[in-house]
Structures are given as structure tokens and as C-alpha cells.
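Participant: Sharing a sequence plus its predicted fold:
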Amino acid sequence: VLVTAGPTWEAIDPVRYIANRSSGKQGFAIAAAAAALGARVTLVAGPVALKTPVGVARIDVESAREMADAVRRAMPADVAVMVAAVADWRPKEYRAEKIKKRGDAPPALMLTENPDILTNVATAQRRPELVIGFAAETENMLEHARAKRKRKGADWIVANDVSGNVMGGDENRVTIISGDGIETLEEMPKAAVAMALMERVAASLRAEAAE
Ligand code: CTP
């Protein structure tokens, strides 16, 4: 099982970066749950202050491009769970020296798009049997999550409403969207969300194997 977690940092200059509020807690909990259920787990983690779950092989990365490379190298996998809050954009150019204040005009920050790791995994030649993405939304959660599932070629999308304090918090309320339908779980600790999700993953793999 291959899991991504945490934010990515996109460097502007040696002292500044673009980031987001992801704590990595949900992704780490998923890696821990998969390992507890007996999977061999690789966890590709952005910059977070979390301990490596027992039995998990962890690869630390900083930027989206480093995460994309680490994920490519960690393939093939039977299952990919892409939980990381990958920065959609990075500064177009990295300035090797600290950008200094001069005059009145603040510098313009030109951005360019990062690779979409979930889409890359879902369209890879040796695609995992089950590819799961997350959708962090602040409005029209289901509609956006359904569109994201199609657009990114994921089998399941786990949608969560992040308009409250989910990011960084210890509880989560998620809706799992698959080709077969929608299931909304109660709000519960992120570790319990992780176990519920990985139990469904295990059941789905068993059902596939039985066919
Ligand atoms: N994701 C990824 N690589 C990216 C951006 C996102 O792998 N460069 C993955 C995330 O790990 C998550 C899913 O895609 O599993 C959803 O990411 P999200 O940022 O919500 O989707 P976007 O396509 O960026 O849509 P938007 O920001 O417009 O909501």
C-alpha cells in the first residue's frame, strides 16, 4: 500500500515557501491502519511533525515534484491512497538569493502548475488495483468530489469538508464515493476513519480476488 500524506512546500527563495494547513494526521493514520491490517506500507510524507507509524517505510520529501518522484519510485503497489495536500502551484522560478525589499512595489509571484500525482498514479502503466484520492472541499462537497473522481481517474474519492477545523484537528467526517455509490461515515477520530477506510479496501481486494 502506497500512501502520500502532509502538505508540500514550494520554495520561493532560501527562506520562504508556499504551503498549506495539512497536518499529515489523516494520511499517517491511514498508513498505520494499513500496516496494522498486515499490508507492506510505503508512506511518502511532506514536511510534518509526526512519528513514523510502526511497521511503515517512510520517505520524506518537501516539494510536489519530489513527492511525484518518490511515488514513481515506490510503484508498483496494489493500493494507492493519495492523502497529501499537494500544492497545486509552485513559484515559476526559484530565486537562489533571498528576495530583498526594494522601493515600494512588492515582487510579483509568478506560479506554475505542479504535476498531479493522483492522476499520474491512476494512469500509470502498472496501475494499482485500487487508486484512492481525497477531496478537501469548502463548498459543494459531493459535486466537486464526484467530478474529481472522474477527472483524476480514481476508483474512490474520500471527500471531507474542510471549512471547519479538520485540517490539523483530530476528528474527521468523510464520505466515500466509489463507482457503486456513496457512504458517509460518522464524525470520528482520524485513526478510526483510517481503520474504517482500510477495512473497506481489504474487503474490496478480497472481493476482487474471489471473482
Ligand atoms: N493531488 C495530487 N497532486 C496534485 C494535486 C492533488 O496527487 N498536484 C491529489 C491529492 O492528494 C488528493 C486529490 O488529488 O488525493 C485531490 O486534490 P485537490 O487539491 O482537492 O484537487 P484539485 O484537482 O487540486 O482540485 P481543486 O484544488 O480545484 O479543488
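Facilitator: All right, it came through fine. Numbering: from 1, shown residues only.
Participant: Quick one: list the elements packing against the longest helix along the chain.
Facilitator: The longest helix of the chain (DSSP state H) is helix 190-210. Here helix 190-210 touches helix 25-36, strand 79-82, strand 130-137, strand 171-172, strand 174-177, going by 3 or more C-beta pairs under 8 Å, 6 or more residues apart in numbering; DSSP states H and E. Yep, even glycine has a C-beta here, placed from its N, CA and C like the rest.
Participant: Show me which residues of that helix are buried.
Facilitator: If you call a residue buried by 16 or more other C-beta atoms under 10 Å, then helix 190-210 has these buried ones: 190-198, 200-202, 204.
Participant: how about residue 24, phi and psi?
Facilitator: As for residue 24, its main-chain torsions (degrees, to the nearest 10) stand at phi 90, psi -10.
Participant: looking at it, it is touching residue 4, isn't it?
Facilitator: No - if you go by C-beta atoms under 8 Å, residue 24 and residue 4 don't touch, sitting 9.7 Å apart.
Participant: Which of these two has more residues huddled nearby?
Facilitator: Neighbour count, other C-beta atoms under 10 Å: between residue 24 and residue 4, residue 4 has more, with 33 against 23.
Participant: The more buried one reaches residue 84, doesn't it?
Facilitator: Yes - between residue 4 and residue 84 there is a contact at 3.8 Å, judged by C-beta under 8 Å.
Participant: what touches both of the two?
Facilitator: Listed as contacting both residue 4 and residue 84 by C-beta atoms under 8 Å, 6 or more residues apart in numbering are 27, 44, 46, 67, 117.
Participant: Now intersect those with the strands, please.
Facilitator: Among these, the subset assigned to strands under DSSP state E consists of residue 44.
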